[in-house]
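Chemist: sequence and predicted structure are below.
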Amino acid sequence: MRCTNCDHALWNQPVPPAGETRLCPECGAPYRAADFEYGRGKVRFCCPHCETGYYGTSRAGHLEPASFQCVGCAAELTMDACIIRPHDFVREQDAMQRTEVPWLSRRGEGAVRRWWSTCTLGLANSSLLARRLGSTPRLAPATVFLLLNAAVASFLGSMLTFGLTGFLQRGLPGGVAGSDFTMILMALAGMLAATFGFVLVAAIPAACTALLHSRGKPLGFGRAYELVAYSSGGLLVSVVPCCGLPLGYFLWLVAGSQALASAIDTRGGGVAASILAVLGFLVGGTIPFILIAALR
């Protein structure tokens, strides 16, 4: 149970005086117990007077009924009048219903909205990606998401940066000569190859950090690849002419390294993950740029 503003843990917080709103102790943001969805039966709502615990039985893990009389001390209780704790022997991260990465969400939102929400999440808060992914890596949707961003960077970004649109316009009045048409095809082939090259780029830093450990268990290449792929929203900056491609790639490097480092929970592991990820990005980053420049 974490603050939606600063991500501070909200378990075991004291109950505020009657009539006052619960506030995050870290940033002061207001919240209610009903603002969160919990695993059914995985959270204890404890009476602040006698510590009697109650478990949410609704689909969202909330108390049913919403208000009742404590069986231990007869105090009138609601969810906001209780101290909220994870169930005994249930880890904190398992007590809350997991908020999915928007791209994987099944809430009926449109594909464009889910894509854009994931781009902004990966660019602004890539450290949150690890806890929003399921226990089993899903490489196919992560690759599709990465290819969408890579296509924007390779095609639209390259056209604006290298002036391919202007080259095409110059060929329109007098027709496109055979050599010009060949150059156009080569440029497009280079952009297509660079688009798929970004998948290899993502695999290199993922492989570099796959041997590091998270909470005593191997991070795994699949999970590391997902984190790098879903942090690729920075590639959209490639639409900025001239400096867009290197700037977009730099933003991806920073976000991807942060996402990988956040998944490493061993002492010094986050720093090591960042270093290895940066090196992996630097090595892999030459691939699409060479393909675009060689075949443009």
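Modeler: That came through fine.
Chemist: excluding its backbone neighbours, what's nearest Ala203?
Modeler: Among residues not flanking Ala203 along the chain, Tyr225 sits closest, at 6.2 Å (C-beta to C-beta, 6 or more residues apart in numbering). For glycine as for every other residue, the C-beta is placed from the backbone atoms N, C-alpha and C.
Chemist: which stretch of helix or strand covers the one you found?
Modeler: Assigned by DSSP states H and E, Tyr225 falls within helix 221-230.
Chemist: contacts for that helix?
Modeler: 101, 103, 118, 121-122, 126, 129-130, 133, 137-139, 142-143, 145-146, 202-203, 205-207, 209-210, 256, 259-260, 263, 277 (C-beta atoms under 8 Å, 6 or more residues apart in numbering).
Chemist: would Ile84 count as being in a helix?
Modeler: No - going by DSSP: H, G, I helix; E, B strand; the rest coil, the assignment for Ile84 is strand, not a helix.
Chemist: give the bridge partners for it, please.
Modeler: Beta-bridge pairing for Ile84 (DSSP bridges): Phe45.
Chemist: can you give the domain ranges for this structure?
Modeler: Domain segmentation of the chain under automatic domain parsing yields 22-95, 102-295.
Chemist: just name the shakiest helix or strand of the protein by mean pLDDT.
Modeler: helix 92-95 (a mean of 46; mean pLDDT, DSSP states H and E).
Chemist: what residues of the helix or strand following that helix count as buried?
Modeler: Sequence-wise, the next helix or strand downstream of helix 92-95 (DSSP H and E) is helix 111-124. By neighbour count with 16 or more other C-beta atoms under 10 Å, helix 111-124 contains the buried residues 114-115, 117-119, 121-123.
Chemist: closest one to Met1 out of those, please.
Modeler: Checking the buried residues of helix 111-124 against Met1 by C-beta to C-beta gives Leu121 as the nearest, at 19.6 Å.
Chemist: for the helix or strand hosting Ala150, give the mean pLDDT please.
Modeler: In this structure, Ala150 sits in helix 139-151 according to DSSP H and E. What helix 139-151 shows for mean pLDDT is 89.
Chemist: switch to numbering from 12
Modeler: OK, 12 is where the count begins now, so the last one is helix 150-162.
Chemist: backbone phi and psi for Asn23, please?
Modeler: phi 60, psi 20 (degrees, to the nearest 10).
Chemist: how about the secondary structure of Ser249?
Modeler: Per three-state DSSP, Ser249 ends up helix.
Chemist: and it, what pLDDT?
Modeler: Predicted confidence (pLDDT) for Ser249: 77.
Chemist: would you confirm that it contacts Gly255?
Modeler: Yes - in terms of C-beta atoms under 8 Å, Ser249 counts as a neighbour of Gly255; the distance is 4.4 Å.
Chemist: neighbour count winner among those two?
Modeler: Counted by other C-beta atoms under 10 Å, Ser249 and Gly255 do not tie: Ser249 has more neighbours, with 27 against 20.
Chemist: could you list the low-pLDDT ranges of this protein?
Modeler: Along the chain, segments meeting pLDDT under 70 span 98-110, 117-119, 146, 168-202, 204, 222-229, 252-253, 276-285, 287, 293-307.
Chemist: same list (the buried residues of helix 122-135) but as a markdown table, adding distance to Thr206.
Modeler: Shown next, in a markdown table, are those (distance: C-beta to C-beta, whole Å):
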| residue | distance to Thr206 |
| --- | --- |
| Arg125 | 20 |
| Trp126 | 16 |
| Ser128 | 22 |
| Thr129 | 18 |
| Cys130 | 16 |
| Leu132 | 22 |
| Gly133 | 18 |
| Leu134 | 19 |
